[in-house]
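Asker: sequence first, predicted model second:
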Amino acid sequence: MADSGLSDNPGHFGLSRKLQAALNKDVAQAVLSAACDIALVVAHDGTIRDLGCGKDDLLSAGVGDWRGRKWQETVTVESRQKVDDLLRDGDAGAPARWRQVNHPVAGGTDLPVRYIAVPFGEKGQVLALGRELRRVAELQQELVGAQQAMEREYMQLRHTETRYRALFQMAAEAVLIVDAANRRIVDANPAAIRLLETTAGELIGRTFPDAIGSEDEALVAELLSGVRRTGRAAAELIRLGGAGGRGATVSASLFRQGNASHLLVRIASVDGTGAAAEKSRLLDVIESMPEGFVVSDPDGVVIAANAGFLDLAQLAAKDQAVGQPLGRWLGRTDFDMQALLSNLNEHGVVRLFHTAVRGELGSLEDVEVSAVGVPEADEPCLGFSIRGVGSRRHVDGVARLEGVQSVEQLTELVGRVSLKELVRDATEMIERLSIEAALELTGDNRASAAELLGLSRQSLYAKLHRYGLGDLPSEPQNGRTN
């Protein structure tokens with residue numbers, strides 16, 4: 001550095017000549033490596049005479065091929081004016097300014113570099129120091145992507161909120177949003193305001209259930225506490241406005257919004273002739289019917305059962321059934337309950353499923369089961385109607401087939417009787433049908449029929465008596481045949 005152009009005035013960030021003399025080649029190279037990623041020595045005509053690169057990945061990108069080329073030719077079109085400005089500022093000794101230019105490289109992605117140019121050596125010669133900005137560009141791109149994603153999510157939230165508000169306002173059922181922590185009403189739809197005969201200003205901010213003016217406030221408060229504690233939806237029948245007020249069903253469910261918990265409270269007005277009364281009468285009928293009726297969760301765990309099922313299962317109280325798997329009593333084997341649940345999940349309904357109920361005291365009652373799934377309920381459940389059929393056909397305590405006339409009738413016994421009994425009944429049916437066919441083919445000639453069947457006449461006569469096929473003696477008389 002024979003003539004570096006550096007000033008001895010410390011106010012201009014200058015270096016003393018003694019210190020300049022200490023900056024040998026190795027020290028200068030170390031300083032350049034620390035200060036920049038790319039160093040270009042550019043002649044007055046813009047030709048890159050020499051260059052240095054501190055990163056191997058930049059060399060693999062083709063930076064080493066710039067030597068001997070015009071600096072303007074190594075940048076993109078929109079960056080050429082910036083290169084001209086750098087050369088002009090460096091040649092004129094003007095205050096240095098950093099400028100970002102882009103270099104096209106293999107692979108289609110530009111290499112962004114931030115340069116500053118200072119006079120160097122001969123007149124018109126410039127030293128351009130550059131720092132590559134690929135990581136900065138990647139961060140900027142990630143930031144833009146994150147901002148766009150946030151904008152999309154924000155728009156989705158706005159659309160969701162708009163739909164929610166529209167449904168909330170148009171719902172015919174009274175709905176309140178209640179803060180679970182302090183039970184204050186956060187929002188109310190127009191149906192709730194009409195039902196409670198108040199205004200939004202008077203209702204929002206008040207404590208629930210004080211705001212509904214019911215003598216059943218303690219019952220509703222207990223309902224809300226239970227929902228908060230268990231997280232499960234629940235409902236209660238109350239009176240609005242005191243003992244003489246209208247009947248209403250209050251149901252609540254818990255949901256979270258951010259870090260806060262809220263209760264979605266629905267109030268449905270009912271009267272003595274309304275839907276609630278009809279449901280009450282229907283429940284009374286189900287409870288009193290002689291057939292068993294069970295409500296379970298989707299896994300078959302009993303939620304409720306009527307007296308008819310308790311009789312079939314030989315249980316003394318409903319508490320013995322609730323919370324237990326229905327398969328504990330229903331089904332000759334575990335496979336019966338599995339098949340029943342599988343069909344319900346697939347088809348939604350099962351009709352006349354033949355199985356048995358095993359009583360707690362050891363009884364075995366043949367039953368027909370019709371079942372239905374209710375997935376759209378607040379809490380999805382299954383309903384089972386269980387009807388005893390043991391009195392129709394019962395021999396020695398086990399269901400048996402009487403008068404089987406076809407294979408179709410025989411297959412109805414599968415799952416109801418043992419394989420041993422099925423084989424026996426099938427054998428008797430085939431034997432009887434074969435004898436009838438042989439008699440028909442031989443014109444009721446017993447000797448020919450016996451020969452056709454490969455039986456002796458005595459064996460044929462014994463089987464004819466066994467199956468009641470004709471009024472015949474036990475043995476052929478005088479060796480003659482009919």
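Answerer: Thanks, I have the structure now.

Asker: residues in contact with the residue most central in space within the chain?
Answerer: Nearest to the geometric centre of the chain sits P375, at 14.5 Å (CA atoms, centre = their mean). Contacts of P375 were listed using CB atoms under 8 Å, 6 or more residues apart in numbering, and they are P298, G348. In short, each C-beta sits where N, CA and C put it, glycine included.

Asker: how much space separates it from G231?
Answerer: P375 is 20 Å from G231, where distance means CB to CB, to the nearest Å.

Asker: now stretch 191-198: buried residues?
Answerer: In terms of neighbour count (16 or more other CB atoms under 10 Å), stretch 191-198 has its buried residues at A191, A192, I193, L195, L196, T198.

Asker: do stretch 170-188 as well
Answerer: Those would be A174, V175, L176, I177, V178, D179, A180, R183, I185, A188, for stretch 170-188 by 16+ other CB under 10 Å.

Asker: tell me the spacing between the fourth one and E428.
Answerer: According to CB to CB, I177 and E428 sit 71 Å apart.

Asker: returning to what we had before: the buried residues of stretch 170-188: which two are farthest apart?
Answerer: Spatially, the most separated pair among those is A174 and A180, at 18.7 Å (CB to CB).

Asker: now do stretch 362-381, average pLDDT.
Answerer: On average, the pLDDT along stretch 362-381 is 85.

Asker: okay, it in CSV with CA atoms only?
Answerer: Included here for stretch 362-381 are C-alpha records, laid out as CSV according to Å, rounded to 0.1, in the frame of the first residue of the first chain:
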residue,chain,number,x,y,z
GLY,A,362,-77.5,-67.9,36.0
SER,A,363,-80.6,-67.7,33.8
LEU,A,364,-80.3,-67.7,30.0
GLU,A,365,-83.1,-66.0,28.1
ASP,A,366,-83.4,-66.0,24.3
VAL,A,367,-84.0,-62.5,23.0
GLU,A,368,-84.4,-60.4,19.9
VAL,A,369,-82.5,-57.1,19.8
SER,A,370,-83.3,-54.0,17.7
ALA,A,371,-80.9,-51.2,18.1
VAL,A,372,-80.2,-47.7,16.7
GLY,A,373,-77.3,-45.3,16.9
VAL,A,374,-77.8,-41.6,17.7
PRO,A,375,-74.5,-39.9,16.6
GLU,A,376,-76.0,-36.4,16.2
ALA,A,377,-77.1,-36.1,19.9
ASP,A,378,-75.2,-33.7,22.2
GLU,A,379,-73.6,-36.9,23.6
PRO,A,380,-73.7,-39.7,21.0
CYS,A,381,-75.4,-42.8,22.3
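
Asker: quick one: the strands in the stretch 1-150 of the chain?
Answerer: In the stretch 1-150 of the chain, the strands defined using DSSP state E, counting those that start in this stretch lie at 38-42, 48-53, 99-103, 111-119, 126-132.

Asker: hmm, I typed the wrong one, I wanted the stretch 151-300 of the chain.
Answerer: Under DSSP E, counting those that start in this stretch, the stretch 151-300 of the chain gives strands at 174-179, 185-188, 234-240, 246-257, 260-270, 292-296.

Asker: do the same with the stretch 301-450 of the chain
Answerer: So, for the stretch 301-450 of the chain - with DSSP E, counting those that start in this stretch - the strands run 302-305, 349-358, 364-374, 381-388.

Asker: what pairs with the shortest one, parallel or antiparallel?
Answerer: So that's strand 302-305. strand 292-296 (antiparallel) (DSSP bridges).

Asker: do you know how far L59 is from L143?
Answerer: 29 Å.

Asker: wait, which of the strands of the stretch 301-450 of the chain is closest to Y461?
Answerer: Of the strands of the stretch 301-450 of the chain, nearest to Y461 by CB to CB is strand 364-374, at 37.1 Å.

Asker: pull the contacting residues for the nearest residue to A317 once chain neighbours are set aside.
Answerer: Nearest non-adjacent residue to A317, counting by CB to CB, 6 or more residues apart in numbering: L310, 7.5 Å away. By CB under 8 Å, 6+ apart, L310 lies in contact with G292, A316, A317, K318, A321.

Asker: swap in H103?
Answerer: H103 touches V63, T74, V75, T76, S79, D110, L111, P112, V113, counting by CB under 8 Å, 6+ apart.

Asker: swap in V113?
Answerer: Contacts of V113 (CB under 8 Å, 6+ apart): D37, I38, Q100, V101, N102, H103, G130, R131, E132, L133.

Asker: cool, N343 as well?
Answerer: By CB under 8 Å, 6+ apart, the contact list for N343 reads V350, F353.

Asker: repeat that for Q338.
Answerer: G327.

Asker: and the pLDDT at it?
Answerer: 86.

Asker: now do R393
Answerer: 50.

Asker: so what pairs up with the residue nearest to G348 when sequence neighbours are not counted in the strands?
Answerer: Residue nearest to G348 in three dimensions, not counting chain neighbours: G373, with 5.0 Å by CB to CB, 6+ apart. Listed by DSSP bridges, the beta-bridge partners for G373 are L382.

Asker: and G373, how many neighbours?
Answerer: As a burial measure, G373 scores 20 neighbours (other CB atoms under 10 Å).

Asker: wouldn't it be in contact with L344 here?
Answerer: Yes. Taking contacts as CB atoms under 8 Å, G373 lies within contact range of L344: 4.8 Å.

Asker: any residues in contact with both of those two?
Answerer: By CB under 8 Å, 6+ apart, the residues touching both G373 and L344 are L382.

Asker: tell me the buried residues in stretch 431-446?
Answerer: R432, I435, A438, L439, T442, R446.

Asker: dump those residues to JSON lines, plus pLDDT and distance to K123.
Answerer: Output for these, formatted as JSON lines (pLDDT from 0 to 100; distance: CB to CB, whole Å):
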{"residue": "R432", "pLDDT": "84", "distance to K123": "126"}
{"residue": "I435", "pLDDT": "87", "distance to K123": "129"}
{"residue": "A438", "pLDDT": "84", "distance to K123": "129"}
{"residue": "L439", "pLDDT": "86", "distance to K123": "132"}
{"residue": "T442", "pLDDT": "84", "distance to K123": "134"}
{"residue": "R446", "pLDDT": "85", "distance to K123": "138"}
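
Asker: could you pull up the mean pLDDT of the longest helix seen in the chain?
Answerer: Across the chain, the longest stretch assigned as helix under DSSP state H is helix 134-170. Average pLDDT, helix 134-170: 85.

Asker: now that helix: how far from the chain's centre is it?
Answerer: 23 Å (CA atoms, centre = their mean, to the nearest Å).
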